[in-house]
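**Q** would you be able to build a 3D model of this:
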Amino acid sequence: MKKVLAIGGSGMVGSRFCELAASRFEITSIDEKTLDITDKSAVEKYFSENKFEVVINFSAYTNVSEGENDRDNKEGLAWKLNALAPGYVAEACLKNNTFLVHISTDMVFPGSREDPGPYEEDHAIPLDNSKLTWYGYTKSLGEKAVTEVLGDKKCILRLIYPFRSYFEGKLDYLRKPIQLYEEGKLYPLFTNQKLTTIFVDDICKILEKILELEQTGILHASCTDLASPYDHVLYALEKIKGTTVVLKTGLIEEFLKTASSTVRYPQFGGLKTEKTQEKLGMKFKTWREMVDEFVEQL
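**A** Purely as a prediction, here's the structure:
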């Protein structure tokens, strides 16, 4: 079995991968307590003492709203973990002849009217950080750092609004609104924001295939069709309840008039996956098929 290092393997996506892929790969899961990847010398030392065939870097600063409060701070954790650390990991992988899969995000794209999604794998990333969240911008620099070190000899896998049936550490794109609905606190959901999503179990299947093939390039993990947040949550709740559900609706334009940060809410998002599906020889699911599986596991 291939020896795989999962950096950030205790997170929402990484922990599920470690669980589902344990029978196919020899996985070592580490977090910041074992290795601080923002410390270049620590990364070099760890890789000199521990040898792996594959590294998956799940680790990232993902608090989008808090990240906006840290915008332009190059001493902050978002900058260190998202922009700088991927380059340190890539350098260690290059030195040790280790295949790197770097996990990134759809938020490297703006989802704006001027540059709308859904985005193909080779769509250009904007250079102007005012068009992206600070989270998205730092993640784009992480992609750049990995590419500068490894060139074509790496895989960057972008995820979009991942959700899973259970994870104690944090709520996600679906479980948060479902919980708020049960508490009678659910906010109005946008009906005209278009995006794609991904069930975490499907991410894990995609990752297993990438590791099997050692597939290089930039790939997208996403459902195959667009929908709104209202569509997703209503469908999930009606599947769970087995009856008609009424939810409050809203328009993203009205919300953005009062939002403190408009870049946090891409209106025309989504990832295209045709090229990824062809490279991996896989057929990805629709968002409804993914939500069906999510509900079955609840």
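**Q** quick check: which element contains the residue nearest to residue 62 when sequence neighbours are not counted?
**A** Nearest non-adjacent residue to residue 62, counting by Cβ to Cβ, 6 or more residues apart in numbering: residue 135, 6.7 Å away. Every residue, glycine included, has its C-beta placed from N, CA and C. Under the criterion of DSSP states H and E, residue 135 resides in helix 134-150.
**Q** for that helix, buried residues please.
**A** For helix 134-150, burial by neighbour count (16 or more other Cβ atoms under 10 Å) applies to 134-143, 145-147, 149-150.
**Q** report how many residues lie close to the closest residue to residue 78 other than its chain neighbours.
**A** Spatial nearest neighbour of residue 78, chain neighbours left out: residue 61 (4.2 Å); criterion: Cβ to Cβ, 6+ apart. For residue 61, the count of nearby residues is 22 (other Cβ atoms under 10 Å).
**Q** confirm residue 61 sits in a strand?
**A** No. Looking at residue 61 with DSSP: H, G, I helix; E, B strand; the rest coil, it is coil, so not inside a strand.
**Q** bridging residues for the nearest residue to residue 290 once chain neighbours are set aside?
**A** The shortest distance from residue 290 to any non-neighbouring residue, by Cβ to Cβ, 6+ apart, is to residue 199 (3.8 Å). Beta-bridge partners recorded for residue 199 (DSSP bridges): residue 163.
**Q** numbering from 766 from now on, please.
**A** Yes, from this point I'll number from 766; that puts the last item at residue 964.
**Q** residues touching residue 964, list them.
**A** Listed by Cβ atoms under 8 Å, 6 or more residues apart in numbering, the contact set of residue 964 reads 927-929, 988, 1050, 1055-1056, 1058-1059.
**Q** again with residue 783
**A** Counting by Cβ under 8 Å, 6+ apart, residue 783 makes contact with 771, 774, 792, 794.
**Q** quick check: the residue nearest to residue 827 vs residue 846, distance?
**A** Per Cβ to Cβ, to the nearest Å, residue 900 is found 10 Å from residue 846.
**Q** hey, what's in contact with both of these two?
**A** Common neighbours of residue 900 and residue 846, counting by Cβ under 8 Å, 6+ apart, are residue 826.
**Q** which residues does whichever strand or helix holds residue 769 contact?
**A** If you go by DSSP H and E, residue 769 is part of strand 768-772. Strand 768-772 is contacted from outside by 779, 782-783, 786, 790-795, 800, 802, 815-824, 854, 976, using Cβ under 8 Å, 6+ apart.
**Q** neighbouring strands for that strand, and are they parallel or not?
**A** Strand pairing for strand 768-772, determined by DSSP bridges: strand 791-795 (parallel), strand 819-822 (parallel).
**Q** switch the contacts of residue 964 over to TSV; also include distance to residue 1033.
**A** Converted to TSV, the contacts of residue 964 look like this (distance: Cβ to Cβ, whole Å):
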residue	distance to residue 1033
927	20
928	21
929	26
988	16
1050	22
1055	21
1056	22
1058	27
1059	25
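**Q** so which of these comes closest to residue 1000?
**A** The closest of these to residue 1000 turns out to be residue 1056 (Cβ to Cβ; 5.7 Å).
**Q** now do the contacts for residue 1054.
**A** residue 988.
**Q** if I look at it, how far off is residue 998?
**A** According to Cβ to Cβ, residue 1054 and residue 998 sit 17 Å apart.
**Q** for the most centrally placed residue in the chain, phi and psi?
**A** Nearest to the mean C-alpha position of the chain, by Cα atoms, centre = their mean, lies residue 924 at 3.4 Å. Note on residue 924: backbone dihedrals following degrees, to the nearest 10 are phi -110, psi 160.
**Q** was I right about residue 1005 contacting residue 942?
**A** No. With contacts counted by Cβ atoms under 8 Å, residue 1005 stays clear of residue 942, the gap being 11.8 Å.
**Q** report the longest strand in the protein, please.
**A** strand 864-870 (DSSP state E).
**Q** next, the angle helix 899-915 makes with that strand.
**A** Inter-element angle recorded for strand 864-870 and helix 899-915: 160 degrees (by axes from the mean of the first three to the mean of the last three Cα atoms, to 10 degrees).
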